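Chemist: please find the sequence and the predicted model below.
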Amino acid sequence: MTPDLTSLDGWIDVLSAVFMVVGAIMSLGAAVGLLRFPDLLSRMHAATKPQVLGLFLLLASIGLQMRTWWVWPVLVVAWIFQLLTVPVSAHMVGRAGYRTKHLHRELLTSDELDAVVQKAAAQAAREGGEDDGPTR
Amino acid sequence: MMQVVLAVTAVILSLAAGGAIIRIARGPSLLDRVLASDVLLAILGAALCIDMAVNRHLNNLMLVVAISVIGFIGSVTVARFVSDRREHPSEP
């Protein structure tokens, strides 16, 4: 039960245990945020916690527990691919959420996309009257 | 100590998965459900990582890499084709 704190192995065990518990708490925080936040954009803020920092902590705990060097490149590849793909899905979900108006405008402090959308709609209306509705 | 950590993280991840599933069931819009299912996939990957770290094996490592590489395709596809089906009171 009590770890052996006189050796390096014991300290590595303690560090990876802390990483695992904190990484699991990231998932719990995302679930609490999903349940309690009011609209889609603020829920997206909560959803990124286990996807980036939680995965990083858990992959680091795997690397610490295995105590081999060759496993670290694979873990780094997993984390880098996660960093590359999570913004893509977040961008698409946020864009679709903005277009389908799943947001509470009274909660926004500034809406920089609104001016761009208005400008594009005005330009589309000038160029062709038969083209109704914003293109996706 | 590792067994205690395994029990604690199992409880935490179960609660988190329950919250994500509640949001999938209740979510007012399709995009909320997609976002919650993304979180559920992240929780699943976290459970795989903790299993590997506690039991000191690497059987699930390729699965974790595959989740991080292609896990975004589902939400991107749904977000690409989602449309607003609610009634607009301002439009005819």
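Modeler: In hand now; what should we look at?

Chemist: gap between the nearest residue to residue A:11 once chain neighbours are set aside and chain B?
Modeler: Distance criterion CB to CB, 6 or more residues apart in numbering or on different chains; nearest residue to residue A:11, sequence neighbours excluded, is residue A:5 at 6.6 Å. Every residue, glycine included, has its C-beta placed from N, CA and C. Applying CB to the nearest CB, to the nearest Å, the value for residue A:5 to chain B is 11 Å.

Chemist: how many neighbours does residue A:5 have?
Modeler: 9 (other CB atoms under 10 Å in any protein chain shown).

Chemist: residues contacting the residue most central in space within chain A?
Modeler: For chain A, the residue sitting closest to the mean C-alpha position, by CA atoms, centre = their mean, is residue A:48 at 2.1 Å. The contact partners of residue A:48, by CB atoms under 8 Å, 6 or more residues apart in numbering or on different chains, come to A:30, A:86, A:90.

Chemist: so who does the first one touch?
Modeler: So the one you mean is residue A:30. Neighbouring residues of residue A:30 by CB under 8 Å, 6+ apart: A:46-50, A:54, B:16, B:20, B:39, B:42-43.

Chemist: if you rank those residues by neighbours, which is first?
Modeler: Going by other CB under 10 Å, residue A:50 tops the contacts of residue A:30 with 31 neighbours.

Chemist: didn't residue A:53 look like it was pressed against residue A:26?
Modeler: Yes: counting by CB atoms under 8 Å, residue A:53 touches residue A:26, with 5.7 Å between them.

Chemist: these two - which one has more neighbours?
Modeler: Neighbours were counted for residue A:53 and for residue A:26 using other CB under 10 Å; residue A:26 has more, 25 against 14.

Chemist: so for the more buried one, what's the nearest residue that isn't a sequence neighbour?
Modeler: Excluding its sequence neighbours, the residue lying closest to residue A:26 (CB to CB, 6+ apart) is residue A:54, at 3.5 Å.

Chemist: give me the residue from chain A nearest chain B.
Modeler: Nearest to chain B in chain A, going by CB to the nearest CB, is residue A:31, at a distance of 2.9 Å.

Chemist: distance of that residue from residue A:93?
Modeler: Distance from residue A:31 to residue A:93, counting by CB to CB, to the nearest Å: 18 Å.

Chemist: in the chain, which spans are helices?
Modeler: As the question left the chain open, I've gone with chain A. Under the criterion DSSP state H, chain A contains helices at A:8-36, A:40-49, A:55-66, A:71-99, A:112-127.

Chemist: switch to chain B, please.
Modeler: Assignment of helices within chain B using DSSP H yields the ranges B:2-26, B:30-55, B:61-70, B:73-81.
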